[in-house]
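Asks: Please find the sequence and the predicted model below.
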Amino acid sequence: MMITLALSKGRIFEETLPLLQAAGITVQDDPDTSRKLILATDHPEVRLLVVRATDVPTYVQYGGADMGITGKDTLLEHCSTGSGAGLYQPLDLQIAKCRISVAVRSDFDYASAVQKGSRLTVATKYVAISREFFASKGVHVDLIKLYGSMELAPLVGMADAIVDLVSTGNTLKANNLVEVEHIMDISSKLVVSQSALKLKQAPIRRIMDAFAQASKPYHAIAE
Ligand code: AMP
């Protein structure tokens, strides 16, 4: 029985490889050089789909994949629209860790803007997370939805602030931005289709258990 795992290129793919290895699964193609979107593994029951990060939950939900690996950020945004039905999130893999933060130009006085009750224009890919965060602080915001390079928006005067993922902080620094709020910690999770789990219970459980075992050292680091 074939199990299809959806994941995205970049950090998540790179940090998933060692987990797959530990589970005894070796990927036979390199997504950076191969143009294939379906990658075979040496495991006869497992293949990978390489999709856009934001599409991972959709593939799992609509049966294109049985399971997927995606960031908590992507899942929160996806599920905020009420479209998280049928997705089971059994395991935080503790990989691709970063945080989601608010950042502003270093010459923008965020604290006093908030204190004065100013209305802030915020550019972000994370509209739901941002709306919820600023509402909880009682800050009025106008959100501008962007799909990438959020860092540009404050530099060209389009927004007062951005909400984006931060890892080392180098991207913010290179663009003269400073982090002013830490909204939440992010890591990647395993998501499983509830209907696939019913139909392919045994092989999916085997992979889930292998991932749980393989990600144990990461959990130890997290604690
Ligand atoms: P850094 O310069 O290390 O703080 O990384 C920031 C840039 O990398 C931003 O453009 C983020 O959107 C992106 N980024 C950071 N961490 C992650 C992650 N875990 N997954 C995807 N993108 C990330």
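Replies: It's in. Residues are numbered from 1 along each chain as shown.

Asks: CA only for contacts and neighbour counts going forward, please
Replies: Noted.

Asks: ok, which residues in the protein are in contact with the ligand?
Replies: 11, 96-98, 164-171 (C-alpha under 6 Å from any ligand atom).

Asks: Quick check on those: which are buried?
Replies: By the neighbour-count criterion of 16 or more other C-alpha atoms under 10 Å, the residues of the chain next to the ligand include these buried positions: 96-98, 164-166.

Asks: Tabulate those (JSON lines), appending secondary structure and pLDDT.
Replies: As requested, these are arranged in JSON lines below (DSSP: H, G, I helix; E, B strand; the rest coil; pLDDT from 0 to 100):
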{"residue": "Ala96", "secondary structure": "coil", "pLDDT": "96"}
{"residue": "Lys97", "secondary structure": "coil", "pLDDT": "97"}
{"residue": "Cys98", "secondary structure": "strand", "pLDDT": "98"}
{"residue": "Asp164", "secondary structure": "strand", "pLDDT": "98"}
{"residue": "Leu165", "secondary structure": "strand", "pLDDT": "98"}
{"residue": "Val166", "secondary structure": "strand", "pLDDT": "98"}
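
Asks: Looking at those, which is nearest Thr16?
Replies: Minimum separation from Thr16 among those (C-alpha to C-alpha) is found for Ala96, which lies at 8.8 Å.

Asks: isn't that closest one right up against Thr168?
Replies: No. Using C-alpha atoms under 8 Å, Ala96 is not in contact with Thr168; the gap is 12.0 Å.

Asks: How is the closest residue in space to Gly117 that isn't next to it in sequence assigned, secondary-structure-wise?
Replies: With sequence-adjacent residues excluded and distances taken as C-alpha to C-alpha, 6 or more residues apart in numbering, Gly117 is closest to Val139, at 6.7 Å. At Val139, secondary structure determined by DSSP: H, G, I helix; E, B strand; the rest coil is coil.
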